[in-house]
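Visitor: Structure for this input, please:
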Amino acid sequence: MADQDKATPGGLLGGLKGKAKEVAGKVTGNEHLIAEGEVDQDAVEAAREADRLEARADQEASAAEVQAERERVAVERQHLATEAELAEREQRLEQEAEQRERHVEQQFDRREDANEANEALATAAADRQEVAAAQEHARLQAEVDEREREAEQARATAEALEAAEQRLEP
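Guide: Numbering: from 1, shown residues only. From the prediction side, this is the model:
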């Protein structure tokens with residue numbers, strides 16, 4: 001209270017001065033001095049009330065600033081939490097996309113390997129068929145050659161028989 005009294009115009013001394021004027025006016029019967037003392041006391045009281053109201057307003061303003069700062073911090077925390085959640089979600093989506101890509105690549109590789117294996121099997125089967133065809137061709141060629149030799153021998157035998165027959169005929 002002493003700080004408030006010193007801060008008001010006249011402070012404690014102003015209040016005492018006003019009271020002294022009022023008492024002096026009552027003692028002397030001077031209405032003007034009584035009124036002046038009362039005005040001085042009212043002015044000191046009004047100044048005290050103004051100081052009290054100003055202090056209360058300052059406290060409320062400080063409390064409002066603290067509340068506003070708390071709300072700002074809460075909003076910032078929420079913002080950071082949202083950013084963290086978004087970053088986590090983005091990372092999870094990237095990981096899922098990478099997993100899908102690896103899965104697709106693995107499927108592609110398996111299909112490519114299967115295609116290569118099928119091609120190798122088809123090539124081996126074609127090679128076996130080609131070898132079998134070449135062997136069959138060689139066997140048939142040998143048979144044709146054998147038949148041609150037999151036919152040549154039969155011609156030769158026929159010619160020899162014809163020649164022998166012509167010699168025997170008169």
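Visitor: how close does E88 sit to G25?
Guide: According to CB to CB, to the nearest Å, E88 and G25 sit 81 Å apart. Just so you know, the C-beta spots here come from the backbone N, C-alpha and C atoms, and that holds for glycine as well.
Visitor: out of these two, which sits in the busier spot?
Guide: The neighbour comparison of E88 against G25 (other CB atoms under 10 Å) goes to G25, with 18 against 10.
Visitor: Run the chain-centre distance for the longest helix anywhere in the chain.
Guide: For the chain, the helix with the greatest residue count under DSSP state H is helix 31-168. Relative to its chain's centre, helix 31-168 lies at 14 Å (CA atoms, centre = their mean, to the nearest Å).
Visitor: Which elements pack onto it?
Guide: If you count contacts as 3 or more CB pairs under 8 Å, 6 or more residues apart in numbering; DSSP states H and E, helix 31-168 packs onto helix 2-7, helix 11-28.
Visitor: helices and strands of the chain: which one bottoms out on pLDDT?
Guide: helix 2-7 (a mean of 45; mean pLDDT, DSSP states H and E).
Visitor: Just give me the neighbour total for N118.
Guide: Using other CB under 10 Å, N118 is surrounded by 10 other residues.
Visitor: Tell me where the model's unsure across this structure.
Guide: Along the chain, segments meeting pLDDT under 70 span 1-10.
Visitor: how does it look with 50?
Guide: Applying pLDDT under 50 to the chain picks out residues 1-8.
Visitor: quick one, the longest helix of the chain and helix 11-28 angle?
Guide: Relative orientation of helix 31-168 and helix 11-28, computed by axes from the mean of the first three to the mean of the last three CA atoms, to 10 degrees: 150 degrees.
Visitor: what's N30 sitting at in phi/psi?
Guide: For N30, the backbone dihedrals (degrees, to the nearest 10) come out as phi -90, psi 100.
Visitor: Alright, calling it a day.
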